[in-house]
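Undergrad: here's my sequence, what's the structure:
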Amino acid sequence: MTESEKGGRRRVVLVDDHAMFRSGVRAEIAGAVDIVGEAGDADEAVAVIAATLPEVVLLDVHLPGGGGQEVLRRVGTRHPEVRCLALSVSDAAEDVIGVIRAGARGYVTKNISGPELIDAIGRVAAGDAVFSPRLAGFVLDAFAGHVEVAQVDTDLDRLTEREREVMRLIARGYAYKEVAKELFISPKTVETHVSSVLRKLQLSSRHELTRWASDRRLI
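TA: Numbers count the residues shown, from 1 in each chain. Got it, this is the predicted structure:
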């Protein structure tokens with residue numbers, strides 16, 4: 001029996017394409033778990049997981065190289081004993097249901113506190129399914145067939161993963177500076193992404209963007 005199985009420190013790999021965010025998570029949880037590896041894209045994540053075989057992977061949904069679902073697909077086939085907990089800024093329907101169907105053991109949003117995340121890691125390692133409180137009922141309803149899960153349509157598919165993140169936050173009423181802080185990018189970069197989103201979706205204003213996203217249950 002390993003130390004982790006006896007209740008010791010869990011072995012964790014942290015996967016997120018923002019180095020600053022990874023540093024923040026490490027600072028919050030490193031005293032309670034062993035972070036044995038980090039990765040910033042899908043290919044790197046699969047390689048690090050294979051090399052370290054952690055108990056739990058903290059996995060961002062939107063990653064270069066195919067996203068969190070690609071990591072789950074490849075890791076689930078090769079290392080089914082490794083459990084993945086999605087840790088994302090997004091709580092959109094297609095993201096939550098997509099990664100759960102791909103094999104994640106839970107889904108928490110990035111406003112989770114350090115102690116809550118440590119608890120979630122322990123519970124996932126022990127075999128439980130863990131969700132942020134506001135997502136739990138939604139996930140149950142979706143799998144019971146009580147709600148229709150939004151599908152990625154041809155319009156949404158035109159957007160990059162980063163543009164989707166920006167689009168959702170803007171549609172929720174976030175100011176450019178708030179989006180920049182949430183995603184660890186500059187306000188100027190946010191403005192560039194918003195212009196690109198409006199152009200690709202053939203929309204003319206934030207109001208139209210909010211209505212577009214609401215119609216597709218993306219906010």
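Undergrad: spatially speaking, which residue is in the middle of this structure?
TA: Taking CA atoms, centre = their mean, the centroid of the chain lies closest to residue 88, which sits 2.7 Å from it.
Undergrad: isn't it up against residue 110?
TA: Yes. Residue 88 lies in contact with residue 110 (CB atoms under 8 Å); the separation is 6.5 Å. Just so you know, the C-beta spots here come from the backbone N, C-alpha and C atoms, and that holds for glycine as well.
Undergrad: avg pLDDT for the lengthiest helix in the chain?
TA: The helix that spans the most residues within the chain, counting by DSSP state H, is helix 187-201. Averaged across helix 187-201, the pLDDT comes to 94.
Undergrad: tell me the first helix or strand C-terminal of that helix.
TA: helix 206-215 (DSSP states H and E).
Undergrad: and that following helix, what does it pack onto?
TA: Helix 206-215 sits against helix 161-171, helix 187-201, with contacts defined as 3 or more CB pairs under 8 Å, 6 or more residues apart in numbering; DSSP states H and E.
Undergrad: need the winner for burial among these.
TA: Mean neighbours per residue, mean count of other CB atoms under 10 Å, is largest over these for helix 161-171, with a mean of 22.
Undergrad: ok, now which ones touch the closest residue to residue 36 other than its chain neighbours?
TA: Computed as CB to CB, 6 or more residues apart in numbering, the closest residue to residue 36 that is not its neighbour in sequence is residue 52, at 4.5 Å. Contacts for residue 52 (CB atoms under 8 Å, 6 or more residues apart in numbering) come out as 11, 13, 36, 37.
Undergrad: and the gap between residue 52 and residue 192?
TA: 36 Å (CB to CB, to the nearest Å).
Undergrad: where in the protein is pLDDT low?
TA: 1-7, 93, 136-154, 216-217, 219 (pLDDT under 70).
Undergrad: what segments of it are strands?
TA: Counting by DSSP state E, the chain has strands at residues 11-15, 34-39, 56-59, 83-88, 106-109, 130-131.
Undergrad: right, I'll leave it there.
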